[in-house]
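**Student:** Sharing a sequence plus its predicted fold:
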2 protein chains.
Amino acid sequence: MMMQKWRRSGDCIRFGCQSLINLRSKENSVSRSVSGFVNGYKSKGKIFEPNARNHHNTELGRNLGMMMQQYKCFGSASQIQRNPLFASLDSKDVSYFKEILGDKNVVEDEERLETANTDWMDKYKGSSKLLLLPKNTEEVSQILKYCDSRRLAVVPQGGNTGLVGGSVPVFDEVIINVGLMNKVLAFDEVSGVLVCEAGCILENLATFLDTKGFIMPLDLGAKGSCHIGGNVSTNAGGLRLIRYGSLHGTVLGIEAVTANGNVLDMLGKLRKDNTGYDLKHLFIGSEGSLGIVTKVSILTQPKLSSVNLAFIACKDYLSCQKILVEAKRNLGEILSAFEFLDNNSMDLVLNHLDGVRNPVSSSENFYILIETTGSDETSDREKLEAFLLKSFEKGLVSDGVIAQDINQASSFWRIREGITEALQKSGAFYKYDLSLPVEEIYNIVNDLRERLGDLGNVMGYGHLGDGNLHLNISTAEYSDKILGLIEPYIYEWTSKHRGSISAEHGLGVMKANEIFYSKSPETVNLMVSIKKMMDPKGILNPYKVLPHSFFSP
Amino acid sequence: MMMQKWRRSGDCIRFGCQSLINLRSKENSVSRSVSGFVNGYKSKGKIFEPNARNHHNTELGRNLGMMMQQYKCFGSASQIQRNPLFASLDSKDVSYFKEILGDKNVVEDEERLETANTDWMDKYKGSSKLLLLPKNTEEVSQILKYCDSRRLAVVPQGGNTGLVGGSVPVFDEVIINVGLMNKVLAFDEVSGVLVCEAGCILENLATFLDTKGFIMPLDLGAKGSCHIGGNVSTNAGGLRLIRYGSLHGTVLGIEAVTANGNVLDMLGKLRKDNTGYDLKHLFIGSEGSLGIVTKVSILTQPKLSSVNLAFIACKDYLSCQKILVEAKRNLGEILSAFEFLDNNSMDLVLNHLDGVRNPVSSSENFYILIETTGSDETSDREKLEAFLLKSFEKGLVSDGVIAQDINQASSFWRIREGITEALQKSGAFYKYDLSLPVEEIYNIVNDLRERLGDLGNVMGYGHLGDGNLHLNISTAEYSDKILGLIEPYIYEWTSKHRGSISAEHGLGVMKANEIFYSKSPETVNLMVSIKKMMDPKGILNPYKVLPHSFFSP
């Protein structure tokens, strides 16, 4: 036993290792590789086929699907027709792209296309016949200009780690993957501003910054594969949002190419620039439907010397909520993560992942991870210890430990970040990503649990500090009956409480038609007008983000 | 002498008063009132009339200006024609507005119109004949719907504290002031999210939050008059941006009314919501040209218990820059303000404001204010003291003091925040607001000083921590010669170094035509397309933000 229970001794042992975050980062990448996150490894999880029309996962199905021009979204029961106004790829197109990009960056190889057509959960599959790998902005511009003139639909792709089918084709869209555009262009140690190409892998940027004594303002489980361009395009959230805010605040500039090939240079490196409309925000979170992000300028943070991680257990959700309020106030400026999971999530991880065990001695209903990051080792430790002790004395916490070394810290994070991997190993699953008022977060879990009864194992976990619940339902098998019990119930529940049906995952193809649960008709109308103005032929990532009905011919 | 020099004793005395920020806030309001910031007090500063066509400041001139339909921007040498496509107000219009708003909220009184037509510097003046005071969103919607149908131009107005002529009419635009919409609608102590109407005065919100133990994420000199709706519409920066980031990060939702009267409900209260394009960002910083912000939802911060303020002197700018880098790293999570001023700015304040004196014993070339805000009094104090001592030992700092009580802290802030007031008292002045890479910030001051020689007193100060320079030139009198030496030189210099010609003040009417110094033609074209799509008749705040040439009939 390498942990010391602060609850017993009232004395915590802190582990002040400066590279604790880095270690966690390494751990993540490994686990993601194992679970199929990296390099197109294919999950062995079951494939959801809610009705006979969803044939995209078989060879016959793929051909049939193309011919029928029909598509079934996973988990949303909506059907999409291929837009007949889009051109189909022909040999002249391929020749033209080879002329621009060179032969080797125009990929027609079936195996590579299979990977690029498939999302990492193996839930969404397209049938594109062409993968393009531009090396610079000019090539992206030339590609889009051509596709626009030909009305060839495209799907921009980064690390292909999305969870809503946003980064793979729905039908035969040309895939434009920016993975070769992976250079760091500039870093300013005075301002902390990093400028890089969109295809840089998040973890590589973190490694680069580590040598300079800085960290990225975002951190997420997919860091070993996801691209910064994709992070920006999907407005990725993750573990550090509670501390450093969203990408709308930390991204200082972007370069993007619009549907007609125009290059928009918005690559400012300034913290403040009030000269006209701040258009970069249109591209942050629009999931590649308004343009392809090619470069990013982002404000990084000085790497602080003291990182602490506590893993605590609570009897009920109300205690979790109270601890959050207290942590925000008492840990204040050093609080850097506040994550929670319920006992069902813990059991899932314990049952399906090797070498994981519960850091606290007895099973409890809820668990919380609290990370602090600061510049004063002694004070930060004392602050966290005092906070935990106080919470224990108030009866909010029933058990808890503070990581003493890198291995312990990693093992704590492994529990929180291993949930998705464990879920995949457990069989069929339905995955939701909701924002809700903190006091409502666990009510939806309880309500759904009651609604499903023995039909599914409902689990809640996520970024409690940001009001972001990841709600998973693990079932023996996929069925229309279970799906019908979950949707639209879960969306209606969320809408009723003025939550968001997608906190950080985006809408993609999965929830494009569900946007009205979180946005007003007037607002959606304006989004559609902007889309039609900026991409009149609709070639950029079609069928995603906005309801398909607006774009039917 | 109530200050203790830490440089001499190596021992700092900190003042840990919990309401230090509040006191500063009070002090600001008072000083702004005195200087004409509040209640339409009119400055006695000289009026700039660079050529004979600028008659707007005289009665004759105003009438002439209307007839000639010409307008001369202060400090930008551009001429604007009144757009003849706009209707002129008639008695039927007034009757209609009285029907909607009631008689007393349709203002035709000359004195009140004079105030509403004039910006607080008394530099920009319009000649509107009507001021409307809607009480709620529905009334704003009805007003705009009518104005759009009649093609009556409007100018949205909040506290009218802008510095670029953005909040007053250029010609006869109808003024819509949201000052009566000043209710706090909701506050959630768990999430810290405040929802309020656009006409709430920033300081009133701060006072309200203080009772709840929270603070606004922004703080600026005009807090006693400015409205939160105006703050959002102009993307106000201020003193806390270095700590809490820009409004693009902290504003969680807005409600806005577009030109045709449509109400866009984007009033989310969630930290994370990735459902479609995040359209609120279009309204943050677009200076009322795309819609009128009617409600705001904003993430506030827990009020922390320990605030410290140091006032230090440095021999050269390079030292200031080095101290900034070190402060970001060593004060890290508790750094809440990093402001600087040069000796010329200090002299200006000492010469023109009563009761102000230099906190350090001897005159130096540069002065820096460093504020820390944290939750641990002992640790925060020690951290700041250690940092200052180290900086002194390294020779970066030549003198310095830490405020020991509320009065001292206020007197330090009075120097920094009194510069604009002192400037007004000094005679003629030219005022610029630039973002530049930190290492370039003082080069432009030196270059301009050399260029102007004895013609003007060039002063540099501002939010160094954000790379934001306020550059002022004080002269004996306004003249085309001096203006010609300053502009476009200053814009070209900024553009060459990839800076912004408006860090936080916006473009308004003053710099609308200068946008290309900071934005690419492609980006401006897209802005214009968005403006034309959202406000096809161009009635919202015309002649502002975007170059006039795009909207000439």
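**Tutor:** Thanks, I have it.
**Student:** helices or strands up against the strand or helix carrying A:Leu434?
**Tutor:** A:Leu434 is part of strand A:428-435 when elements are defined by DSSP states H and E. If you count contacts as 3 or more C-beta pairs under 8 Å, 6 or more residues apart in numbering or on different chains; DSSP states H and E, strand A:428-435 packs onto helix A:419-426, strand A:468-475, helix A:480-486, helix A:489-496. Using the backbone N, CA and C atoms, a C-beta is placed for each residue, glycine as well.
**Student:** Report the rounded mean pLDDT for that strand.
**Tutor:** Here strand A:428-435 scores 94 as its mean pLDDT.
**Student:** Can you name the residues in contact with that strand?
**Tutor:** Contacts to strand A:428-435, defined as C-beta atoms under 8 Å, 6 or more residues apart in numbering or on different chains, come from residues A:45-46, A:48, A:75, A:163, A:420, A:423, A:444, A:456, A:462, A:466-478, A:482-483, A:486, A:490, A:494, A:499-505, B:270-273.
**Student:** Need the buried ones from those selected in ChimeraX.
**Tutor:** To isolate the buried members of the contacts of strand A:428-435 in ChimeraX, using 16 or more other C-beta atoms under 10 Å in any protein chain shown:
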select /A:45,48,75,163,420,423,444,456,462,466,467,468,469,470,471,472,473,474,475,478,482,483,486,490,494,499,500,501,502,503,504,505 /B:270,271,272,273
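**Student:** from the middle of its chain, how far away would the helix or strand that contains A:Leu309 be?
**Tutor:** For A:Leu309, the element it lies in under DSSP H and E is strand A:306-314. Centroid displacement of strand A:306-314 relative to its chain, using C-alpha atoms, centre = their mean, to the nearest Å, is 24 Å.
**Student:** Adjacent strands (with direction) for it?
**Tutor:** Looking at strand A:306-314 with DSSP bridges, its partner strands are strand A:366-374 (antiparallel), strand A:399-402 (antiparallel).
**Student:** ok and the residue in chain A nearest chain B?
**Tutor:** Closest to chain B within chain A is A:Gly249: 2.4 Å, counting by C-beta to the nearest C-beta.
**Student:** Next up, identify which helix or strand that residue is on.
**Tutor:** Judged by DSSP H and E, A:Gly249 forms part of helix A:247-250.
**Student:** now for the helix or strand that that helix is followed by, which elements pack on it?
**Tutor:** Using DSSP H and E, the next helix or strand after helix A:247-250 towards the C-terminus is strand A:251-257. Identification of packing neighbours for strand A:251-257 by 3+ C-beta pairs under 8 Å, 6+ apart yields helix A:137-150, strand A:263-266, helix A:280-283, strand A:292-299.
**Student:** Can you name the residues in contact with stretch A:513-528?
**Tutor:** Contacting residues not belonging to stretch A:513-528 are listed as A:76, A:78, A:488, A:491-492, A:494-495, A:499-502, A:507, A:545-550, B:258, B:262-266, B:273, B:275-277, B:279, B:534 [C-beta under 8 Å, 6+ apart].
**Student:** Buried ones among the residues you listed?
**Tutor:** A:76, A:78, A:491, A:494-495, A:499-502, A:507, A:545-548, B:258, B:262-266, B:273, B:275-277, B:279, B:534.
**Student:** show me the contacts for A:Gly253.
**Tutor:** Under the criterion of C-beta under 8 Å, 6+ apart, the contact list for A:Gly253 reads A:Val195, A:Met266, A:Leu267, A:Gly268, A:Lys269, A:Leu270, A:Lys280, A:Val296, A:Ser297.
**Student:** Distance of it relative to A:Thr234?
**Tutor:** Plainly put, A:Gly253 is 18 Å away from A:Thr234 if you go by C-beta to C-beta, to the nearest Å.
**Student:** Would you mind giving the secondary structure of A:Phe187?
**Tutor:** Under DSSP: H, G, I helix; E, B strand; the rest coil, A:Phe187 falls in the strand class.
**Student:** Tell me who's in contact with it.
**Tutor:** Applying C-beta under 8 Å, 6+ apart, the residues contacting A:Phe187 are A:Val193, A:Leu194, A:Val195, A:Phe208, A:Leu209, A:Lys212, A:Phe214.
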